[in-house]
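1. quick one, fold the following:
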Amino acid sequence: MSSATTSGPHFRRDGTWVGASVPRREDPRLLAGRGRFVDDITLPGMLHAQFVRSTVAHGVITSVDLSAVREVPGVVAAFTAADLGLADITAILDRPGHEFVPTDMPVLARDRVRYVGEPIAIVVARDPYAVEDGLEAAVVEYEDLTPVVSDTAALAEGAPLVHDNAPANTLVDVSLFATEGIDDVFAEADCVVRVRTKTGRQNALPLETRGVVADWDDRDEQLRVQTCTQVPHQVRTVLAHCAGLDEKQVRVTVPDMGGGFGQKCVVGREEIAAAAAALRLRKPVKWIEDRRDALTAAFLAREQRYDVRAAFDADGRILAIDADVVCDMGAYSCYPFTAGIEPLMASAEMPGVYKLPAYRVRGRAVTTNKAPTAPYRGVSRPQYVMVVERLFERAARELGLDPVEIRRRNVITVFPYTGINGITYDPGSYRESLDLCEQVLRDEGWYDVRDEPGRVIGIGYACFSERTGYGSDAFAQRRMSVVPGFDISEIRMDTTGTVVVTSGTMSHGQSHETTMAQIVADRLGIDIARVKIVQGDTDRITYGWGSFASRSITIGGSAVAAASVKLADVLREIAAHLLGADVDSTELDGAGGVRLRDAPSHRLSFAEIADVAYLKAHLLPKGVGPGLAATASFDVAGDGTFSNATHGVVVELDRGTGGVQILRYVCVEDCGVAIHPQVVEGQCRGGIAQGIAGALFEQVTYDAAGQPQCPSFMEYKVPTAAEIPDVDIHHLETPCAFTESGAKGAGEGGTIGAPGAVLNAVNDALRGTGVELDDTPIARETVHRALEVAHV
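-> Numbers count the residues shown, from 1 in each chain. Here you go, the predicted model:
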């Protein structure tokens, strides 16, 4: 059952930690400026690195002359690919050659460059100023090749090849679904609508750019790497491979991290090169990405083209979708997800919250002479949700139906539901979220305001699901050679009764120190102040896949919960022995101890139990070893769990400028049990801001020569607080049946719904002009022209 909830007081009245918006444990450190980020790290004798980067989008390197670089005062070394001898980074899908073509991404370009900003050499100096002087002394000569700077150019007959082994510049070409007889469905349908859309290339723009500090430890015979990554174990694996080291010779740790949003859940070349330089020089080396490089040469995302038809019957029920999806993935596949990350996501999950009887889709990843693509919050879902929601809007207009009513007739209402895409959806509140979102806007009178003369106002919706908790089964369906999924947690209690808990997830702003501690505190019946969460250390954590795809609480939190329960069982067993009782007669007392259920005054505190476990082990029961520790793993079988939401947006268009002002934004979300409602709301608001950015503002552009046209924030338009509205968030709760806490993921939903809702609202405002917009970001020039021509 779904039920409406609101953010309550700081502590729940029932005494549990889960569900309480407790003060975040990270805040005192971070808000007081005591956080420790990569650029805060200083080591004795530390050197500074930057990269000589390609100035052309496509060319053969004919010479690299670093002799003058090495003469610059303060420069210690300069290395090319030949100097470092590192292996390539190659991401693989286990698919046949006609479906997938791998790309070998060299850490430093050797003979050919494929985008402006590609690293060619690394310069290491005694200070950041000398290293910049060194870069200016580098001389690189090229034989220019014709660049490919768009997906249409890449697919054109006779187009230059970005990679010689990739015919037609296609890295992925898959047709996952093709329902038999689908052409007949379209031929016989009462209504067929079509949406063709192009979405702009975006930069995830974490506040903290990428960076690394690496040094060699002679005592441990280990390369120590401190970096801001979402996936420390994967960085270790790739670095060891590239440098020819055993993994035990590499230790990756992550300090505080200022955002990632997916851009940092892949392995970058620069981090590997800087660590290799430290290994070669046996001196600490720091590399911090400057904002220009972050805007032009870092991993990008979201540039996609859709051509989609949908068939409906006369009552507005959807009959079929036929989709062609083309994703511009830039110059290389990212590790470990490959260039398939965007087209495979779109192809597999496009049906979403709707009951779709027939489906055909082709998904392609094309390679172009642009910086490579990595996952970015939502990964294709903001795009395909926008497309599907536009289809419903268009069908509603053609059939004379209310846009909300046509959705209401098609959303999944009976669970579990197995879709035409073979995915089984666990229970959600699709219809309930849609109804409540509409009700809020109607009750507030926005429909009346919209119809008032003299203003240009529109209302738009997006109803969607967010697949979270992808386990090994779900990732294996993509046929990645590296299959993420599980998480492992270890919990240890010391002699004072406090616990240290490891998690293979990696917080980069999601408050794991608080939310994970809440889960542990409830399982053990202790205060969260007695729980310490450890992440981001490949020597201390058995193995972890990091944080992405809203997996932290669903999978990582479930592993933490399972380990806590195991420790609780050990505590009860020892306490039962010491109290002379059967273990079944004991229970945790919620106050840091174990008591007899029928005689509560007979109890032992955790500290008393720990004293025996560590310091008086001869008193332990037979079969129980000394110490207090437990390890558990968790994986999700099947298709994962689905959060869902409906976003409702009211916009007003400016006749004079074509500007779009958001007057009202309502989000009705259901992420199952909210561990910390305030954190969930923060995730929603942050995601919505990024979704609005994609709908109205942000776009990375290139000229015909492949030169980036957005090297600073003067050109790359990032919305500020003035452009982002207040967001009214309403919570529904449909607990997940198979995560340990009933939680579903909440990290990406805000971003997923915003573009479609905003675009639909703008089109509603343009009703009567004869103009419909399907591309994002929405150009104010186009809006202005539509209003001017229609004399609105």
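2. identify each buried residue in stretch 646-653, please.
-> For stretch 646-653, the buried set under the neighbour-count rule, 16 or more other CB atoms under 10 Å, comprises Thr646, His647, Gly648, Val649, Val650, Val651, Glu652, Leu653. Yep, even glycine has a C-beta here, placed from its N, CA and C like the rest.
3. then that stretch to CSV, C-alphas only?
-> The C-alpha trace of stretch 646-653 is given here as CSV (Å, rounded to 0.1, in the frame of the first residue of the first chain):
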residue,chain,number,x,y,z
THR,A,646,5.3,12.7,-11.3
HIS,A,647,6.6,16.2,-11.9
GLY,A,648,4.2,19.1,-12.6
VAL,A,649,5.4,22.4,-13.9
VAL,A,650,3.8,25.8,-14.5
VAL,A,651,5.8,28.2,-16.8
GLU,A,652,5.3,31.6,-18.2
LEU,A,653,6.8,32.8,-21.4
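4. distance between that stretch and the chain's centre?
-> 25 Å (CA atoms, centre = their mean, to the nearest Å).
5. returning to what we had before: make a markdown table from the buried residues of stretch 646-653 and add pLDDT, secondary structure and distance to Ile533 to it.
-> Formatted as a markdown table, these follow (pLDDT from 0 to 100; DSSP: H, G, I helix; E, B strand; the rest coil; distance: CB to CB, whole Å):
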| residue | pLDDT | secondary structure | distance to Ile533 |
| --- | --- | --- | --- |
| Thr646 | 98 | strand | 33 |
| His647 | 98 | strand | 32 |
| Gly648 | 98 | strand | 36 |
| Val649 | 98 | strand | 37 |
| Val650 | 98 | strand | 40 |
| Val651 | 98 | strand | 41 |
| Glu652 | 98 | strand | 45 |
| Leu653 | 98 | strand | 47 |
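6. which of those residues lies closest to Phe79?
-> Nearest to Phe79 among these: His647, at 49.1 Å, using CB to CB.
7. wait, what's in contact with the closest one?
-> His647 makes contact with Cys437, Tyr461, Ala462, Tyr665, Val666, Cys667, Val668, Ile688, Gly753, Ala754, Gly756, Ala757 under the criterion CB atoms under 8 Å, 6 or more residues apart in numbering.
8. circling back: pick out the most distant pair among the buried residues of stretch 646-653.
-> Thr646 and Leu653 (22.9 Å).
9. returning to what we had before: dump the buried residues of stretch 646-653 to JSON lines, plus distance to Pro416.
-> Shown next, in JSON lines, are the buried residues of stretch 646-653 (distance: CB to CB, whole Å):
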{"residue": "Thr646", "distance to Pro416": "21"}
{"residue": "His647", "distance to Pro416": "25"}
{"residue": "Gly648", "distance to Pro416": "27"}
{"residue": "Val649", "distance to Pro416": "31"}
{"residue": "Val650", "distance to Pro416": "35"}
{"residue": "Val651", "distance to Pro416": "36"}
{"residue": "Glu652", "distance to Pro416": "41"}
{"residue": "Leu653", "distance to Pro416": "42"}
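10. between the residues you listed, which is closest to Val76?
-> Nearest member of these to Val76, counting by CB to CB, is His647, at 52.7 Å.
11. neighbours around the residue nearest to Tyr115 when sequence neighbours are not counted, how many?
-> Leaving aside its chain neighbours, Tyr115 sits nearest to Ala331 (4.6 Å; criterion: CB to CB, 6 or more residues apart in numbering). When neighbours are defined as other CB atoms under 10 Å, Ala331 has 23 of them.
12. buried residues of the helix or strand hosting Val387, list them for me.
-> Per DSSP states H and E: Val387 is located in helix 381-399. Neighbour-count burial for helix 381-399 flags 381-397, 399 (criterion: 16+ other CB under 10 Å).
13. for the top helix by length along the chain, C-alpha coordinates in PDB please.
-> Longest helix in the chain by number of residues (criterion: DSSP state H): helix 557-579. C-alpha atoms of helix 557-579 as PDB (Å, rounded to 0.1, in the frame of the first residue of the first chain):
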ATOM      1  CA  GLY A 557      22.700   0.000   2.700                       C
ATOM      2  CA  SER A 558      21.300  -3.500   2.500                       C
ATOM      3  CA  ALA A 559      24.800  -5.000   2.900                       C
ATOM      4  CA  VAL A 560      25.400  -2.700   5.900                       C
ATOM      5  CA  ALA A 561      22.100  -3.800   7.500                       C
ATOM      6  CA  ALA A 562      22.800  -7.500   6.900                       C
ATOM      7  CA  ALA A 563      26.200  -7.200   8.500                       C
ATOM      8  CA  SER A 564      24.700  -5.400  11.500                       C
ATOM      9  CA  VAL A 565      22.100  -8.200  12.000                       C
ATOM     10  CA  LYS A 566      24.900 -10.800  11.900                       C
ATOM     11  CA  LEU A 567      26.800  -8.900  14.600                       C
ATOM     12  CA  ALA A 568      23.600  -8.600  16.600                       C
ATOM     13  CA  ASP A 569      23.200 -12.400  16.500                       C
ATOM     14  CA  VAL A 570      26.800 -12.800  17.800                       C
ATOM     15  CA  LEU A 571      26.100 -10.300  20.600                       C
ATOM     16  CA  ARG A 572      23.000 -12.100  21.700                       C
ATOM     17  CA  GLU A 573      24.700 -15.500  21.600                       C
ATOM     18  CA  ILE A 574      27.500 -14.300  23.900                       C
ATOM     19  CA  ALA A 575      25.100 -12.500  26.200                       C
ATOM     20  CA  ALA A 576      22.900 -15.600  26.500                       C
ATOM     21  CA  HIS A 577      25.800 -17.700  27.500                       C
ATOM     22  CA  LEU A 578      27.000 -15.100  30.100                       C
ATOM     23  CA  LEU A 579      23.400 -14.700  31.500                       C
END
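14. my guess is Ser175 meets Arg364, correct?
-> No. Contact criterion CB atoms under 8 Å: Ser175 and Arg364 do not qualify, at 9.7 Å.
15. the more surrounded of those two?
-> Between Ser175 and Arg364, Arg364 has the larger neighbour count (other CB under 10 Å), namely 27 against 13.
16. return the residues in contact with that one.
-> Arg364 touches Thr170, Val172, Asp173, Val174, Val325, Val326, Cys327, Pro343, counting by CB under 8 Å, 6+ apart.
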